[in-house]
Each structure stands twice: as structure tokens, then as C-alpha cells.
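Trainee: Need coordinates for the below:
(one chain, ligands or ions: 2)
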Amino acid sequence: MHWTLVIPLKPLARAKSRLSDAASDGLRPGLALAFAQDTVAAALACPAVRGVAVVTDDALAGRELGALGARVVPEAPSGGGLNAALAHGASVVRRARPDGAVAALNADLPALRPAELARVLEAAAEFPRSFLPDAAGIGTTLLAASPGRELRPEFGVDSRARHAASGAVELLPADVDSVRQDVDTGADLRAALSLGVGPRTAALAALLLPAGPRPLRR
Ligand SMILES: Nc1nc2c(ncn2[C@@H]2O[C@H](COP(=O)(O)OP(=O)(O)OP(=O)(O)O)[C@@H](O)[C@H]2O)c(=O)[nH]1
Ligand SMILES: C=C(OP(=O)(O)O)C(=O)O
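Mentor: Residues are numbered from 1 along each chain as shown. Ligands and ions are numbered 1, 2, ... in the order given. Presented below is the predicted three-dimensional model:
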């Protein structure tokens, strides 16, 4: 099964506020963009991924992620926040391909590895709706809807429990740490660096963290 991913990204100037313990106001927009670039590049390199749609109104992010090969979808005129943006992105994707499989993926997965994403999507293909919990075990990094199923995103605080309560099946395939490691705090960034991040995040992290850069993702 081939998937179209929907990746939400709020305006960079407001992104990653919880990273203030590790990065100043001036650096966070660039880091948020680097996370999104490494996430999108890895997603597009996954053989199970047919395409990536990024839902954003941020002009710079739209240009940069479009240059990587993502389709850029503006926010719905009515706004409505993260879940509205995901539902809107999924409906735009389904308009082009009504019978396609769709999955929402966080934009803050700088360690994402294509082969690990492929394992998650292979597991997701077995169920109508399914999700992958984040590394902290509280949130969600991926929510998948097989052909003919609505995405029904419920991201946000405690989204693992809310996605489970909505009837989505929790996926826990082995060896998919890079798909679960979202980065909200400085501790998350260090965990991602130890998994090995993509090149844009590695370059910026080298400026930020006194311990210096870890090896790039292989
Ligand atoms: N398109 C779109 N994406 C959003 C919106 N709100 C949040 N996101 C994205 O959804 C993901 C999770 O969002 P949050 O946890 O709220 O924000 P964050 O920037 O990751 O981190 P914090 O500022 O620390 O909360 C990130 O990729 C955000 O950029 C929205 O209204 N529209
Ligand atoms: C929105 C979510 O992610 P974050 O950890 O970025 O808040 C979530 O887990 O549902």
C-alpha cells in the first residue's frame, strides 16, 4: 500500500515554544524549519510514501518544503488549529486521490529514517485506522487511515489516549524509535541527536549544544 502523508506546520515564528530551554527566540524558528525539512526529506525517501502534503501558511517553510518535493496546502480559511489543519489536508489529498491511504505525521521528527517509517506504514496497512504513540508515551506521532476511512485526527495533549478511545489501533512495531522521537524540549533534542538526525538539524544543533554534534543519520 502507498501512502500520502499530511504534515502540519504552524508559522515558524510561533513554533517550538517548549524548546525555549535549549534555544533562544531567535533560533527556534530556524530549528523548527530544520526539523520539518529533515522530516519531509526522510518521508519522501520512504518507498511506501507516494507524496507529502504540508499544511502551512508560513511562506518561507512553504518555499523550502516545496523545494524538497512536498505539496504545500494553505490552511483552511476558517483556521481552527492543528486538527482542523490535518482534516483539511487529508480532504485536499483525498480530493486528488479518493481511494488513497492517508497518514498524518508530525513535523518535528528530525531523526526520522525512511526504513523505520516504512515499517510503521506496513503495520498501519493492516487496520482501518491506527496510530503510533510518541517516545514519551503520551502523544502521537503518526495517525493512519486506510483507503475509504476518515482520518479523524485528535492530536494535542494526551492524544495517545484520545486516539485509542476513538477506536484507532495502537501500533507498536519493533525498531521504529526514529518515528516516535518527536522534539518538543531540549531533552527531546538530545534524544533525537543520539539517534542521529538529518543534516539540517545537525548543522543547527552543532551551534546550540555545548556537547557538539552527534553523528549524522546514516
Ligand atoms: N498547519 C498547522 N499546524 C499546526 C497548528 N498548530 C500546531 N501545528 C503543528 O502541529 C505540530 C504539533 O504542534 P504543537 O505541539 O502545538 O506545536 P509545536 O510548535 O510543535 O510546539 P510548542 O510551541 O512547544 O507547543 C507541529 O508540527 C506544529 O507546527 C496549526 O494551527 N496549523
Ligand atoms: C500534537 C502532539 O504533539 P506534540 O508533542 O508536538 O504536542 C501530539 O502528541 O498529539
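
Trainee: which residue is nearest the middle of the chain?
Mentor: Asn106 (2.1 Å; Cα atoms, centre = their mean).

Trainee: Apart from its neighbours in sequence, what residue is nearest His121?
Mentor: His isn't right for residue 121; it's Leu. Among residues not flanking Leu121 along the chain, Ala48 sits closest, at 4.4 Å (Cβ to Cβ, 6 or more residues apart in numbering). Backbone N, C-alpha and C define where each C-beta goes, glycine included.

Trainee: how far away is the one you found from Leu171?
Mentor: According to Cβ to Cβ, to the nearest Å, Ala48 stands 14 Å off from Leu171.

Trainee: now do Pro114
Mentor: 17 Å.

Trainee: the more surrounded of these two?
Mentor: Higher neighbour count among Pro114 and Leu171: Leu171, with 21 against 17, using other Cβ atoms under 10 Å.

Trainee: Could you confirm Val54 falls within a strand?
Mentor: Yes: under DSSP: H, G, I helix; E, B strand; the rest coil, Val54 falls within a strand.

Trainee: I'd assumed Leu9 was in contact with it.
Mentor: Yes: between Val54 and Leu9 there is a contact under Cβ atoms under 8 Å: 5.8 Å.

Trainee: Mutual contacts of those two, please.
Mentor: Counting by Cβ atoms under 8 Å, 6 or more residues apart in numbering, the contacts common to Val54 and Leu9 are 36, 61, 65, 107.

Trainee: Please report how far the last one lies from Ser20.
Mentor: This points to Ala107. Distance of Ala107 to Ser20, computed by Cβ to Cβ: 18 Å.

Trainee: and stretch 128-148, does that touch ligand 1?
Mentor: No: using Cβ under 6 Å from any ligand atom, stretch 128-148 never reaches ligand 1; the gap is at least 8.2 Å.

Trainee: An error on my part: the question was meant for stretch 96-110.
Mentor: Yes: if you take Cβ under 6 Å from any ligand atom as the test, stretch 96-110 does meet ligand 1, through 106-108.

Trainee: Look up how far Val52 lies from Arg149.
Mentor: Relative to Val52, and taking Cβ to Cβ, Arg149 is found at 20 Å.

Trainee: cool, Ser20 as well?
Mentor: Applying Cβ to Cβ to Ser20 and Val52 gives a distance of 28 Å.

Trainee: And Phe155, by the same measure?
Mentor: 17 Å.

Trainee: Look at those two and report which has more neighbours.
Mentor: Using other Cβ under 10 Å as the criterion, Phe155 and Val52 rank with Val52 on top: 24 against 20.

Trainee: partner residues bridging the more buried one?
Mentor: For Val52, the beta-bridge partners are Leu5 (DSSP bridges).

Trainee: hang on, isn't it packed against Leu44?
Mentor: Yes: Val52 lies in contact with Leu44 (Cβ under 8 Å); the separation is 5.7 Å.

Trainee: Give me the common contacts of the two.
Mentor: Between them, Val52 and Leu44 share these contacting residues under Cβ under 8 Å, 6+ apart: 69-70.
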